[in-house]
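1. structure, please.
(one chain, ligands or ions: 1)
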Amino acid sequence: MKIKTFLGLSLFALSSNAFAENCQIDVSVMDAMTYDKTSMEISLAKCDKVTVNLKHTGKMPKTAMGHNWVLTSTADQVAAAADGVQAGAENNYLKTGDSRVLAFTKLIGGGESVSVTFDTKALKAGGDYTYFCSFPGHSFLMKGKFAVKA
Ligand SMILES: [Cu+2]
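-> The predicted structure is shown next:
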């Protein structure tokens, strides 16, 4: 009972102090087709902007095991990834000016890091979003749910 009361109070304190900020999400990858996170979640009330920090802790060059972080609606993910393969490495395996792409980082290789900051205005609470790596062949395994709360 005591624990329950404590939790209730701290939740209340959190929500009453809530203010919009630039929320940070760290995600890392190795020389394998997997992110260290299988899902991410943000809150529109809390985050005006979101920064995703991608770190490649592997050793392989980006020509062999490049990774990036790309956000689209789940409905657009497969087509955006397919068009990205056609676009080639010089375009980070993303079609130039693709309006389906809501945010993306450039492609990096082992030992590199990259960040992207994007506005959350284009995202809808409860919308169905997926993040993925657009390096050819990676998005089948390298993807996760990006949940957006009110
Ligand atoms: Cu990848």
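
2. part of a strand, is Gln24?
-> Yes - per DSSP: H, G, I helix; E, B strand; the rest coil, Gln24 lies within a strand segment.

3. look up how far the ion lies from it.
-> Distance, Gln24 to the ion, by Cβ to the ion, to the nearest Å: 21 Å. All C-beta atoms are positioned from the backbone trio N, CA, C, and that covers glycine.

4. got a list of what that residue touches?
-> Neighbouring residues of Gln24 by Cβ atoms under 8 Å, 6 or more residues apart in numbering: 50-51, 53.

5. 10 Å instead?
-> 47, 49-53, 115, 117 (Cβ atoms under 10 Å, 6 or more residues apart in numbering).

6. I'd say Asp26 and Val52 touch.
-> Yes - with contact defined as Cβ atoms under 10 Å, Asp26 reaches Val52; the gap is 8.1 Å.

7. please enumerate the shared neighbours of these two.
-> Residues touching both Asp26 and Val52 by Cβ under 10 Å, 6+ apart: Ser115.

8. what about Ala75, is that helix, strand or coil?
-> helix.

9. how about it, nearest residue that isn't a chain neighbour?
-> Spatial nearest neighbour of Ala75, chain neighbours left out: Asp128 (7.1 Å); criterion: Cβ to Cβ, 6 or more residues apart in numbering.
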